[in-house]
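A.B. asks: with the input below, show me the fold.
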Amino acid sequence: MILPKVRRVATRGADSCIRIAEEPIPVLVAGTVLVEVHASLVSPGSEVGGWHGLARRGSDPDPGAERRPFGYSNAGIVLATGDGVDEWQPGDRVACIGGGYALHADYAVIPRNLCVSLPVEATFTQGAYAMLLATALHAIRRAQVEFGEFAAVVGLGLVGQLTAQMLALAGCFVIGWDRIGTRLDIARRCGIDAVVDVGDEDPIVTSRAFTGEAGLDLGVVAFGGDANDAIRALADSLKVAPDTHHMGRIVVVGGAQFEYPLRASFNVDIRHAGRTGPGYHDEAWEIGPAYPPVFMRWTTRTNLELCMRLIEAGRLQVDRLTTHAIPFADAEEGVAELLHDPDAALGVAFMMR
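C.D. replies: This next block holds a predicted model:
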């Protein structure tokens with residue numbers, strides 16, 4: 001089989017306008033896999049600064065801006081494997097992650113441990129959610145969830161939606177906070193127990209009522225930027241001890257910024273969860289042997305494998321999150337079109353084939 005030498009890849013510049021370019025396919029080295037990509041997923045917050053931000057910057061394009069490839073989650077079919085890779089053969093279906101690897105491109109070379117088998121029952125678009133699924137799952141692990149707890153997720157973008165679904169799977173009663181109607185509607189359709197429009201309702205009053213005035217056990221902040229108001233509102237929604245101290249856990253996923261400490265009366269654990277699990281960014285692990293499972297049961301790869309199994313079992317509803325499936329050849333025009341109504345866009349997949 002003659003392997004391709006050139007690929008098409010999505011690029012963006014300082015103005016964030018998306019353009020398709022051609023470049024050589026990276027060399028297939030030991031511990032890596034060449035994948036014919038069928039679908040990739042845009043992570044709007046970390047990749048394009050949000051659909052609203054992209055709309056603002058895209059209104060003033062700069063043709064001379066330096067451009068670079070982007071993307072970190074896709075799915076496709078194995079074309080070839082490097083030395084030392086024996087878990088896949090050409091023709092196998094895989095879901096892939098990794099900044100600089102799992103790009104929005106029609107071909108990608110991925111480290112072996114950043115790939116997992118894609119179940120026969122799963123679509124390539126579902127597999128392309130791999131990175132954000134593992135990010136949400138790791139946030140759940142950081143939260144140390146207990147069955148029956150009350151939880152709030154602030155920010156119902158893709159990671160927030162997936163985190164809310166996983167909290168529900170873990171036995172929590174979940175309320176979602178957001179101000180975009182489309183996201184609130186999607187969360188309802190995905191079975192989240194309750195939602196609150198923070199533009200029209202007091203999230204503290206609504207959340208405490210949701211818990212029967214017991215207070216939340218935990219909250220998750222799933223958006224970037226200034227999170228001071230969200231953190232304070234979450235803290236005020238948590239359980240209150242007889243000595244008047246608020247108690248509970250808050251997990252921050254990604255790039256939210258806030259002042260710390262908040263108030264002396266808050267006995268609140270604040271935890272960050274900015275990864276997919278142990279292993280990611282350890283190059284020796286990515287292309288080499290796995291960590292011994294007896295010491296490290298949950299790594300990035302085993303988290304990814306569990307996410308694929310949950311999709312296969314129908315326990316995660318990712319299809320409801322996909323609002324746009326854009327042919328890769330039409331990526332420039334398709335993204336420009338959706339920016340006319342950025343609130344309607346949530347999961348945006350590029351379809352390579």
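
A.B. asks: which of the residues in stretch 18-35 are classified as buried?
C.D. replies: Residues of stretch 18-35 classed as buried by neighbour count (16 or more other C-beta atoms under 10 Å): Ile18, Ile20, Ile25, Pro26, Leu28, Gly31, Thr32, Val33, Leu34, Val35. All C-beta spots, glycine's among them, are computed from the backbone N, C-alpha and C.

A.B. asks: could you identify the most distant pair in those residues?
C.D. replies: Spanning the widest gap among the buried residues of stretch 18-35 are Ile18 and Gly31, at 30.8 Å by C-beta to C-beta.

A.B. asks: look at the residue lying closest to Ser40 once chain neighbours are set aside and tell me its secondary structure.
C.D. replies: Closest residue to Ser40 apart from its sequence neighbours, by C-beta to C-beta, 6 or more residues apart in numbering: Asn74 at 3.8 Å. What DSSP: H, G, I helix; E, B strand; the rest coil gives for Asn74 is strand.

A.B. asks: quick one: contacts for Asn74?
C.D. replies: Applying C-beta atoms under 8 Å, 6 or more residues apart in numbering, we find Asn74 in contact with 35, 37-41, 95-96, 102-105, 108, 127-128.

A.B. asks: what of Phe350?
C.D. replies: Phe350 sits next to Ala10, Ala39, Ser40, Leu41, Val42, His104, Ile326, Pro327, Phe328, Ala331 when contact means C-beta under 8 Å, 6+ apart.

A.B. asks: partner residues bridging it?
C.D. replies: As for beta bridges, Phe350 partners with Ser40, Ile326 under DSSP bridges.

A.B. asks: so what pLDDT did it get?
C.D. replies: For Phe350, the model assigns a pLDDT of 98.

A.B. asks: and for His272?
C.D. replies: Turning to His272, the model gives it a pLDDT of 94.

A.B. asks: shaky segments in this structure?
C.D. replies: Residues of the chain meeting the criterion pLDDT under 70: 15-16, 56-65, 261-262, 264-265.

A.B. asks: in what helix or strand does Cys251 lie?
C.D. replies: Just so we're on the same page, residue 251 is Val rather than Cys. Taking DSSP states H and E as the definition, one finds Val251 inside strand 246-252.

A.B. asks: what element comes up after that strand heading to the C-terminus?
C.D. replies: For strand 246-252, the succeeding helix or strand toward the C-terminus, using DSSP H and E, is strand 256-257.

A.B. asks: what helix or strand is the residue nearest the centre of the chain located in?
C.D. replies: Taking C-alpha atoms, centre = their mean as the criterion, Leu132 is the residue nearest the geometric centre of the chain, at 2.2 Å. Assignment of secondary structure by DSSP H and E places Leu132 within helix 130-143.

A.B. asks: what's the angle between the next helix-or-strand element following that helix and helix 130-143?
C.D. replies: If you walk from helix 130-143 toward the C-terminus, the next helix or strand you reach (DSSP H and E) is strand 150-154. For strand 150-154 against helix 130-143, the angle by axes from the mean of the first three to the mean of the last three C-alpha atoms, to 10 degrees is 140 degrees.
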